[in-house]
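*Asks:* sequence-free structure coming up:
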């Protein structure tokens, strides 16, 4: 699935398990898309490449109503081997990727707000936008 994201030219692709259903596992594959004008085609391409990758890996995606009977040897094993644990550092990396843009926007807004305040001070303005200031005794 990560290969599919890389093929779609997503930057810093990641994948995580969103849900374990009764008969399914829901994954999320994502990454940073530089050209947001291509969002619709990028989503479609990603889904197509994910399906192609799963099919190449021998993973079948079938309807829940599909019934197939396969003959297995008595010593067949159905529980997959336990995957090697990923280092915990990866968890923080996922959040950094997802929230990095929001943090940059927040910092930009803080800088813009500070600059606006400095400009108002330089003009001798006080208070906030839309506020009025009365000098002397109102009549």
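*Replies:* Cool, got the structure. Remember, predicted model here, so these are calculated numbers, not experimental data.
*Asks:* from now on I want contacts and neighbour counts done on CA atoms only, so please keep to that.
*Replies:* Will do.
*Asks:* show me where this protein has strands.
*Replies:* Using DSSP state E, the strands of the chain run over residues 11-20, 25-32.
*Asks:* can you list those in JSON lines and add distance to residue 105, mean neighbour count and mean pLDDT?
*Replies:* Shown next, in JSON lines, are those (distance: least, CA to CA, whole Å; neighbours: other CA atoms under 10 Å; pLDDT from 0 to 100):
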{"stretch": "strand 11-20", "distance to residue 105": "19", "mean neighbour count": "14", "mean pLDDT": "92"}
{"stretch": "strand 25-32", "distance to residue 105": "15", "mean neighbour count": "15", "mean pLDDT": "90"}
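*Asks:* and of those, who's closest to residue 44?
*Replies:* Taking CA to CA, strand 25-32 is the member of these nearest to residue 44, at 12.7 Å.
*Asks:* contacts for the closest one?
*Replies:* For strand 25-32, contacts defined as CA atoms under 8 Å, 6 or more residues apart in numbering pick out 1-2, 5, 10-20, 97.
*Asks:* at 10 Å instead, please
*Replies:* For strand 25-32, the surrounding residues in contact (CA atoms under 10 Å, 6 or more residues apart in numbering) are 1-2, 4-6, 8-20, 43, 46-47, 50, 94, 97-98, 101.
*Asks:* next: stretch 64-75.
*Replies:* So stretch 64-75 is contacted by 23-24 (CA under 10 Å, 6+ apart).
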